[in-house]
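[1] Coordinates for the following, if possible.
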Amino acid sequence: MENKRPFGTRDKFGYLFGDFGNDFFFMLVLAFLMVFYTDVLHLDPKAVGLLFVVARLWDAFADMAWGRFIDTRKTGKNGKFRPWILRMSFPLVITGVLMFAYIPGMSHGFYLAYAYVTYIVWGTLYSTVNIPYGSMASVMSADPVERTALSSWRTVGSQLAGLVINVVGPIILFVDNKAVPSRFFMAALIFGLLAIACYIACYRMTTERIIVNEKAKSKVKKGATLKGLVKNKPLIFFLAASLIFMVNLMLIGAVNVYLFKDYFGTAKALSFVGLIQSAAVFVMAPFIHKLVKKFGKKELVSVSILVAGLVYVALYLLPNLSATQFTALLAIAMLGYGTFNLVIWAFVTDIIDYHEYLTGLREDGTIYAIYSMARKIGQAVAGGVGAAAIAAVGYNSQLEVQTAETLRGIHMVGTLIPAIVFLSVFVIITFLYPLNKKRTEQLAADLSEKRQAAVSGKTA
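    Here you go, the predicted model:
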């Protein structure tokens with residue numbers, strides 16, 4: 001077997017670049033695609049909500065199909081997952097740029113059809129890059145500590161992209177508090193070129209080290225996989241928590257544009273909000289390793305999500321805050337849910353290990369695809385809920401100033417709903433998710449023992 005270089009800083013930076021590239025477009029879509037559709041294409045918010053639901057549900061099943069496809073591929077000289085990141089990144093980025101193109105003078109039906117085609121194709125291609133990227137973490141190292149590091153570095157990469165998008169985006173996209181069509185396309189083109197550079201860096205700097213037994217894997221039947229999935233309680237409860245957590249993040253990202261643009265009357269303030277959100281992650285990142293080592297992932301996340309939920313309760317109960325005061329309190333919530341984001345991918349690698357412990361099957365792509373599927377369903381729900389909520393409170397893109405009732409509704413959607421969802425995540429992680437610090441450490445030891453026994457020809 002070819003000798004692989006030891007896991008190190010190069011792998012961490014390479015993995016960081018992967019989500020840096022992913023989130024140039026994901027964050028752009030999360031924060032600004034809805035306002036592009038409503039304020040540039042002048043699509044009805046309810047129609048946009050339906051599009052988000054349809055596209056994300058389609059993507060959820062595309063994730064699953066692609067994950068199973070990846071698991072059936074043999075490992076090549078460049079690894080099993082890395083080549084797909086490079087191959088599919090170019091069509092992904094091209095479609096992403098086209099998604100923000102505006103062709104003036106066309107009919108409403110044309111704009112709606114164009115939105116459906118470009119958004120659904122982009123989402124499908126996103127799966128072809130993101131599934132192998134996410135799965136790759138579990139084969140870069142077998143060490144749970146190193147995997148936690150990859151999770152943190154990945155999140156830092158995501159936040160770096162978020163920093164660029166959320167800080168620079170409002171400055172580029174809006175002039176005098178109004179969305180400018182040509183600027184959306186220009187921003188998409190710039191971020192697309194940066195994404196391609198990041199994907200290439202990810203491919204070149206990372207190394208896959210764990211090679212599964214292809215012959216043994218070829219004999220696996222789908223029934224064995226499904227049976228293991230049903231028994232995997234950490235997977236089931238984490239999927240539930242992740243789904244509603246993703247609903248919250250998508251909802252917050254979509255509604256914040258309207259909250260600051262209309263309720264507070266300053267779209268430019270979104271740049272500062274984006275800066276604070278990224279800063280919260282950067283502040284926590286250096287301490288995550290020590291905190292997880294001392295308290296455990298489950299224990300740390302339970303406290304952090306509870307804090308986020310309580311802050312949003314306070315924001316709902318204080319409707320007369322200025323934009324600055326609102327952002328100052330929001331920063332505390334960002335520290336809370338930013339902590340979850342820093343370790344969320346390490347949860348997934350633990351779940352992949354637990355599946356292997358239960359079934360003896362190493363199915364990284366399938367498990368990651370199931371997790372990604374839950375996130376996509378969350379995105380579908382959030383897109384539908386966000387757009388429907390904005391429509392329900394009476395938002396009208398043709399009005400210079402929204403009605404007082406609409407503004408109150410926007411504030412409620414942007415504060416009370418996130419509070420409820422965060423507190424729901426707290427309940428699931430604290431009382432239902434079973435892999436606490438002690439059980440995770442025991443899992444790593446038991447799985448290592450089983451692997452050694454399999455190598456030596458013994459039965460576990």
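
[2] Once you drop chain neighbours, what's closest to residue 168?
    residue 271 (7.4 Å; CB to CB, 6 or more residues apart in numbering). From N, CA and C alone the C-beta is placed, and that goes for glycine too.

[3] and that neighbour, what element?
    Residue 271 belongs to helix 269-295 when elements are defined using DSSP states H and E.

[4] Repeat that for residue 414.
    In the assignment (DSSP H and E), residue 414 maps to helix 404-431.

[5] Give me the mean pLDDT for the helix or strand that that helix is followed by.
    Proceeding N to C from helix 404-431, the next assigned helix or strand is helix 437-455, under DSSP H and E. Averaging pLDDT along helix 437-455 yields 79.

[6] Tell me where the protein has strands.
    Using DSSP state E, the strands of the chain run over 174-175, 178-179.

[7] Rounded mean pLDDT for the first one, please.
    Translated: strand 174-175. Over the span of strand 174-175, the pLDDT mean works out to 81.

[8] Contact partners for the residue nearest to residue 168?
    Contacts for residue 271 (CB atoms under 8 Å, 6 or more residues apart in numbering) come out as 166-171.

[9] Can you list the buried residues in the helix holding residue 271?
    By neighbour count on 16 or more other CB atoms under 10 Å, the buried set for helix 269-295 is 269-274, 276-281, 284-285, 288, 291-292.

[10] Check stretch 104-111 too.
    Under the neighbour-count criterion of 16+ other CB under 10 Å, stretch 104-111 has residue 111 buried.

[11] picking that back up, so which of the contacts of residue 271 sit within helices?
    169-171 (DSSP state H).

[12] What distance do you get for residue 102 to residue 362?
    According to CB to CB, to the nearest Å, residue 102 and residue 362 sit 46 Å apart.

[13] When these two are compared, which one has more neighbours?
    residue 362 (23 against 15; other CB atoms under 10 Å).

[14] Do I have it right that the more buried one meets residue 356?
    Yes. The criterion here is CB atoms under 8 Å, and residue 362 meets it with residue 356 at 5.2 Å.

[15] hang on, the earlier thing: can you tell which of the strands of the chain is closest to residue 107?
    Nearest to residue 107, of all those, is strand 178-179, at 20.0 Å by CB to CB.

[16] Quick check: which helices or strands does the closest one pack against?
    When contacts are defined as 3 or more CB pairs under 8 Å, 6 or more residues apart in numbering; DSSP states H and E, strand 178-179 sits against helix 34-39.

[17] Contacts for the helix it packs on next, please.
    For helix 34-39, using CB under 8 Å, 6+ apart, the contacting residues are 43-45, 48, 51-52, 100, 115, 178-179, 184, 254, 257-258, 261, 383, 386-387, 390, 395, 397.

[18] Residue 302 and residue 430 touch, don't they?
    Yes. Taking CB under 8 Å as the definition, residue 302 is a contact partner of residue 430 at 4.4 Å.

[19] Between those two, tell me which one has more neighbours.
    Each of residue 302 and residue 430 has its neighbours counted (other CB under 10 Å); residue 302 has more, 22 against 16.

[20] how much space is there between the more buried one and residue 332?
    According to CB to CB, residue 302 stands 17 Å off from residue 332.

[21] circling back: pick out the one among the contacts of residue 271 with the largest number of neighbours.
    Neighbour max across those (other CB under 10 Å) = residue 166, 26 neighbours.

[22] what's the burial count for residue 18?
    31.

[23] is it true that it touches residue 202?
    Yes. Counting by CB under 8 Å, residue 202 is a contact partner of residue 18 at 3.8 Å.

[24] Give me the common contacts of these two.
    Counting by CB under 8 Å, 6+ apart, the contacts common to residue 18 and residue 202 are 85, 133.

[25] still on that earlier bit, selecting buried members of the contacts of helix 34-39 in ChimeraX, what would you type?
    Selecting only the buried entries of the contacts of helix 34-39 in ChimeraX, with 16+ other CB under 10 Å as the criterion:
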select :43,45,48,51,52,100,115,179,184,254,257,258,261,383,386,387,390,395,397
